[in-house]
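>>> give me coordinates for this.
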Amino acid sequence: MVKRGCCLLAGVLIAVFLAACGGGEETGTTETVATSEKPPPPKPPPEILVTLDGYRGAGNVGLVMAAEEGYFEDLGLNVVLRSPVRPRRPVTYVANRTDEIGVAQLPQVVLAREKGAPVVAVGSVMPRSNEAVIWLPESGIQSIADLRGKTIGVPGIPYQDGFLQTVLEDSGLTLKDVKVKNVGFNLMPVLLHGKVDAIFGGSWNLEGTVLQARGAEPVITRLRSLGIPAYDELVVLVRSDRLAEEPQKIRDFMSAVIRGTKFAVGHPKEAVKAIEKAYERDLSLTRKELEAQLEATLPLLSKSGYMNPAQATGLVDWMRKQGQIKRPLPASDFLTNEYLPQP
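Numbering: from 1, shown residues only. Below is the predicted model:
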């Protein structure tokens with residue numbers, strides 16, 4: 001009896017094991033167990049690093065608004081705006097591939113191109129030059145000739161040394177007659193605190209406007225009144241090989257910048273808020289001062305991105321005559337309007 005019971009028990013266990021393993025006759029349909037796993041999200045497009053001409057502000061507000069309003073994203077661009085350590089760096093960063101796109105002054109692009117840097121301007125941000133010599137009444141300076149023996153603060157951008165030399169020579173001075181101090185982005189603070197007697201390379205619409213808003217009564221002499229030719233103060237630049245590799249990306253980028261500029265012009269209050277939000281550090285500018293800068297600057301910005309080749313040729317011819325560049329440089333070598341939106 002014990003042996004028979006063991007056999008029966010063994011049979012039951014074998015049947016259970018076979019059933020669990022799918023053995024025996026099939027008596028129904030097989031169900032597919034659904035999983036709750038979701039497909040991985042799509043990868044974001046690669047970052048496009050962009051070096052601005054300085055801190056986010058009125059001059060580059062078109063790019064700031066394009067980022068703030070999502071215009072870059074609308075075109076599938078993952079743009080990251082960055083400020084350079086020093087004002088002269090945007091051209092260097094683009095040339096050595098640290099960043100893909102930069103914003104700089106056209107004379108800086110001309111100098112870099114003459115030295116062989118593979119950079120090309122693809123659109124204008126600010127199509128006119130607004131740079132100026134600025135001093136305060138208490139300095140005792142009455143004219144450019146009075147700068148003899150004075151300390152002049154400059155941003156440290158290469159082309160401005162040559163421009164300053166020309167301005168001084170027209171008043172009978174040379175660079176040896178003044179002390180030039182490289183102060184980077186701190187033009188206004190060093191002037192207000194008496195660390196320099198005048199500043200050169202700032203703009204009437206930026207530093208000049210804030211000084212006026214603070215009641216400092218600055219004396220502003222625009223470079224264009226001192227014989228400096230007209231030029232695009234700010235342009236977007238890329239490496240020349242990028243134009244061949246990713247032309248549509250450049251077109252989309254400029255399209256978003258132009259759209260952002262037009263939005264800023266039509267919505268100055270939103271532009272002020274965007275600049276405040278984008279501040280990387282305390283620039284000690286009040287809302288009133290920002291509004292004053294934008295009021296002066298928005299009419300100066302390019303709403304098309306177009307660069308005038310004839311104007312650029314005039315700049316190059318003048319720079320060559322002044323000895324700042326040594327060889328002829330056709331405008332087509334350092335700028336192109338081919339990547340701008342068609343009207």
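>>> what ranges do the strands span in the stretch 51-200 of the chain?
With strands called from DSSP state E, counting those that start in this stretch, the stretch 51-200 of the chain shows them at 78-82, 101-104, 119-126, 131-135, 151-154, 179-182, 198-203.
>>> tell me which of those lies nearest to residue 142.
strand 131-135 (9.6 Å; Cβ to Cβ). Just so you know, the C-beta spots here come from the backbone N, C-alpha and C atoms, and that holds for glycine as well.
>>> pull the CA atoms of the closest one into PDB?
Extracted C-alpha coordinates of strand 131-135, given in PDB (Å, rounded to 0.1, in the frame of the first residue of the first chain):
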ATOM      1  CA  GLU A 131      31.000 103.700 -30.600                       C
ATOM      2  CA  ALA A 132      32.100 106.800 -28.900                       C
ATOM      3  CA  VAL A 133      34.700 108.600 -26.800                       C
ATOM      4  CA  ILE A 134      33.100 109.500 -23.500                       C
ATOM      5  CA  TRP A 135      34.300 111.500 -20.500                       C
END
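>>> most centrally placed residue in this structure?
residue 52 (2.2 Å; Cα atoms, centre = their mean).
>>> so which bits of stretch 169-188 are buried?
For stretch 169-188, the buried set under the neighbour-count rule, 16 or more other Cβ atoms under 10 Å, comprises 173, 178, 180, 183-185, 187-188.
>>> which one of the residues you listed sits closest to residue 153?
Looking across the buried residues of stretch 169-188 and measuring by Cβ to Cβ, the closest to residue 153 is residue 183, at 4.4 Å.
>>> so the closest one makes contact with residue 152?
No: with contact defined as Cβ atoms under 8 Å, residue 183 does not count as touching residue 152 (9.7 Å).
>>> so what sits against both of those two?
196, 199 (Cβ atoms under 8 Å, 6 or more residues apart in numbering).
>>> check contacts around residue 164.
Counting by Cβ under 8 Å, 6+ apart, residue 164 has contacts 152, 154, 175, 180, 200-201.
>>> give me that answer again for 10 Å
Residues near residue 164 by Cβ atoms under 10 Å, 6 or more residues apart in numbering: 133, 147, 152, 154, 173, 175, 178, 180, 200-201, 223.
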